[in-house]
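Enquirer: below are the sequence and a predicted model for it; my questions follow.
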Amino acid sequence: MTVFEELKARGLLAQCTNEEEVKRLIDNGEAIFYIGFDPTADSLHVGHLMQLIIMRHLQRAGNKAIALLGGGTAMVGDPSGRTDMRSMMTQETIQNNIAKFRVQMSKIVDFTNDRAIMVDNADWLLKLNYVEFLRDIGVHFSVNRMLTAECVKSRLERGLTFLEFNYMLMQGYDYYVLNQRYGANIQSGGDDQWSNILAGTDLIRRKTGRDVHGVTFALLLTSEGKKMGKTMGGAVWLDPEKTSPYEFYQYWRNIDDADVIRTMKMVTYVPLEEIATFEGLSGAELNPVKARLAFEVTKIVHGEEEAKKAQDAATGVFSAGAAENMPTVELPQDAFTDGKISVGDLLVRAQLAASKGEARRLVDQGGVVVGDGKVTSATAQFESSLFAGDGVIVRKGKKGFKRVILA
């Protein structure tokens with residue numbers, strides 16, 4: 001099976017500008033492909049993970065990867081998939097985010113021996129002369145065609161600023177620059193980027209007469225069509241300081257049964273032949289497969305050692321020493337009133353409940369355990385001494401665990 005065929009078999013491939021030529025480039029190791037990452041937060045998240053894994057798949061076939069960091073485009077904001085305008089960021093914030101992206105990307109993509117490079121589009125976008133840009137690049141863009149793009153149409157009713165309307169020109173120009181400087185011949189991205197990618201291929205053809213290509217990959221969705229990577233507490237981040245390896249592991253361990261096989265194909269390197277042996281399993285039979293999925297994805301993002309710690313904590317949460325690998329919450333002294341804390345406050349501070357009302361419902365349903373004892377009263381209180389030393393493990397249902405200690 002060729003690399004291109006494997007991408008299709010894993011359900012990763014969505015659209016190609018010229019499938020036969022893209023297949024030839026990728027399978028022969030002749031692709032110089034790039035994927036853009038706009039640093040709109042101080043960490044990559046699960047939505048970016050599949051793009052990085054795709055880069056590794058392509059690298060394994062000898063293709064060269066370009067990770068384009070959007071230090072320039074982040075100052076405008078991509079309207080794709082948005083219902084409102086992104087908040088404006090300073091250059092200082094953007095560069096701080098880029099620095100963190102570089103660290104996280106390097107754990108997944110091989111940047112050694114020039115197998116991949118990182119570039120920042122601020123290096124050319126922020127130096128542009130506006131009138132020259134319009135005359136040299138803007139003349140090649142049809143407003144009529146831009147208005148038919150899904151990323152534009154979906155925003156017109158709510159309002160699309162002229163600032164955001166320029167994003168397609170800037171992304172198209174990125175492809176042109178990368179083609180001129182590094183020979184980039186394939187732009188990759190999520191399926192919501194199709195219009196922006198076509199803008200780049202069209203611009204290069206008009207400017208140089210050369211044909212380059214675009215490939216989009218399927219978005220990571222649940223069986224219900226919702227984007228994966230969201231929890232009650234927000235996004236699932238790749239930064240261990242924002243989402244601990246244990247929480248990251250637990251996210252994948254707890255996905256719906258209907259999503260397990262498809263997700264394992266898309267976000268791990270587990271051979272397709274092995275994954276095929278898991279198809280047809282259901283119910284409790286899928287639990288070991290979920291654990292395998294969680295371990296493999298955590299290993300990719302955080303390394304094998306952290307994946308093993310997370311696995312140990314998840315499978316032996318009450319065994320000696322396992323609790324130290326669990327996410328830990330510190331309770332400051334002002335969390336206690338007269339040396340005690342209510343179960344509602346405890347669950348909210350441990351981020352096991354979004355509100356005291358939810359905490360009360362969890363207790364009423366018999367789903368809360370503090371230490372070795374099930375909490376039976378919504379008015380229960382706990383002495384501060386309970387959390388001294390190694391602290392105590394607080395459980396919500398079968399899947400939520402936190403170690404709570406005194407600050």
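Expert: On my side now, so go ahead.
Enquirer: per the record, what domains does the protein have?
Expert: 3-217, 230-325, 328-406 (automatic domain parsing).
Enquirer: of all those domains, which one is nearest Ser223?
Expert: domain 230-325 (4.0 Å; Cβ to Cβ). For every residue, glycine as well, the C-beta is placed using N, CA and C.
Enquirer: now that Val363 has come up, it's in contact with Thr379, right?
Expert: No. Taking Cβ atoms under 8 Å as the definition, Val363 is not a contact partner of Thr379, at 9.1 Å.
Enquirer: so if I had to pick from these two, which one is more boxed in?
Expert: Val363 (22 against 9; other Cβ atoms under 10 Å).
Enquirer: follow-up on the earlier one: mind putting the domains of the chain in CSV, mean pLDDT and distance to Glu224 included?
Expert: Output for the domains of the chain, formatted as CSV (pLDDT from 0 to 100; distance: least, Cβ to Cβ, whole Å):
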stretch, mean pLDDT, distance to Glu224
domain 3-217, 86, 16
domain 230-325, 85, 8
domain 328-406, 85, 19
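Enquirer: now render the ones you listed as CSV, adding distance to Ser223.
Expert: Listed next are the domains of the chain as CSV, based on distance: least, Cβ to Cβ, whole Å:
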stretch, distance to Ser223
domain 3-217, 12
domain 230-325, 4
domain 328-406, 19
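Enquirer: and Ser223, which of the three is it?
Expert: coil (DSSP: H, G, I helix; E, B strand; the rest coil).
Enquirer: residues touching it, list them.
Expert: Contacts for Ser223 (Cβ atoms under 8 Å, 6 or more residues apart in numbering) come out as 256, 258-259, 262.
Enquirer: and the closest residue to Leu198 other than its chain neighbours, how close does it get to Met264?
Expert: Nearest non-adjacent residue to Leu198, counting by Cβ to Cβ, 6 or more residues apart in numbering: Gly214, 6.2 Å away. Separation of Gly214 from Met264 (Cβ to Cβ, to the nearest Å) stands at 27 Å.
Enquirer: show me how to select, in PyMOL, the buried members of the contacts of Ser223.
Expert: Only the buried members of these enter the following PyMOL selection, criterion being 16 or more other Cβ atoms under 10 Å:
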select buried, resi 259+262
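Enquirer: what is the nearest of the contacts of Ser223 to Val139?
Expert: Arg262 (43.9 Å).
Enquirer: my guess is that closest one meets Gly11, correct?
Expert: Yes. Between Arg262 and Gly11 there is a contact under Cβ under 8 Å: 6.1 Å.
Enquirer: what strand or helix carries the closest residue to Ala335 other than its chain neighbours?
Expert: Once flanking residues are discounted, Ala335 sits nearest to Ile341: 5.6 Å by Cβ to Cβ, 6+ apart. Per DSSP states H and E: Ile341 is located in strand 340-342.
Enquirer: flag every buried residue along that strand.
Expert: 341-342.
Enquirer: contacting residues around it?
Expert: 331, 335, 349, 379-384.
Enquirer: check these for burial and list the buried ones.
Expert: Judged by 16+ other Cβ under 10 Å, buried ones among these: 331, 335, 349, 380-382.
Enquirer: wait, Leu221 touches Met228, no?
Expert: Yes. The criterion here is Cβ under 8 Å, and Leu221 meets it with Met228 at 6.4 Å.
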